[in-house]
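Novice: Provided below for reference: sequence and predicted model.
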Amino acid sequence: MSFALSAPDLARALIGATLHVRGCTGIITETEAYTPDDPASHSFPGPTKRNASMFGPPGHAYVYRSYGIHWCLNVVGLPGHAVLIRALEPLDGIAAMIHRRGRAAPLTTGPGMLAQALGITGSDDGRPFGTAEFHLVLGPPTEIVIGPRIGITKAADWLRRYGKKGSKHLSRPFPSSV
DNA sequence: ACTCTGATGTACT
DNA sequence: GTACATCAGAGTA
């Protein structure tokens, strides 16, 4: 697939896709889009050391540390565009996920949990998607629900959170989903 | 069910 | 010094 998309386009395309990370796999159920003109985006101030991979080639990972504790995984699109992977439906490697999480549930319903379950750390920052151990496979067309993003204060009303309609594997319900 | 708070790396004022 | 794309645990009800 081509990753050279705007963050909102890429965020919609990734809903229903399967993420493979070193033997663990899951279906992406929730994403958020961050564009360079978005005050809440790490790319908004321009390139820095931390966000360098956000301005690198499309189809690579941008991994950053959140609140000093967690790692969060993004897929880079066009320069300065990235999509935060917020939740997964676990498929394979669940035993490894439980081991890394230290509990049976919840495993992957939040960006920090998801990165921990899959063993993603800062060493994955800048890694290209497309190798046997680290890649994405698009799923069939999926019904998508849209809502405001979570956990931000700037541009909090922008409707740039995307979810797989009806999924049980979301960090939080969507306002419109019933 | 809910609210509050601690943990703590990196970037910014 | 302060803010932050978060989570888990403790407390209240």
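Specialist: Alright, I've got the coordinates. Residues are numbered from 1 along each chain as shown, chains lettered A, B, ... in the order given.
Novice: use CA for all of it now, contacts and neighbours both
Specialist: Fine.
Novice: Around DNA strand C, pick out the residues from chain A.
Specialist: Within chain A, the positions near DNA strand C by Cα under 7 Å from any atom of the strand are A:34, A:40-43, A:66-70, A:72, A:74, A:82-84, A:101, A:106, A:109-114, A:150-154, A:171.
Novice: Quick check: chain neighbours aside, which residue is closest to the residue nearest the centre of chain A?
Specialist: With distances taken as Cα atoms, centre = their mean, chain A has A:I85 as the residue nearest its mean C-alpha position (1.2 Å). Computed as Cα to Cα, 6 or more residues apart in numbering, the closest residue to A:I85 that is not its neighbour in sequence is A:T31, at 4.8 Å.
Novice: what about the strands in chain A?
Specialist: A:18-21, A:24-34, A:61-66, A:70-76, A:82-92, A:134-137, A:144-147, A:161-164 (DSSP state E).
Novice: Same list (those strands) but as CSV, adding mean pLDDT.
Specialist: Listed next are those as CSV, based on pLDDT from 0 to 100:
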stretch, mean pLDDT
strand A:18-21, 98
strand A:24-34, 98
strand A:61-66, 98
strand A:70-76, 98
strand A:82-92, 98
strand A:134-137, 98
strand A:144-147, 97
strand A:161-164, 98
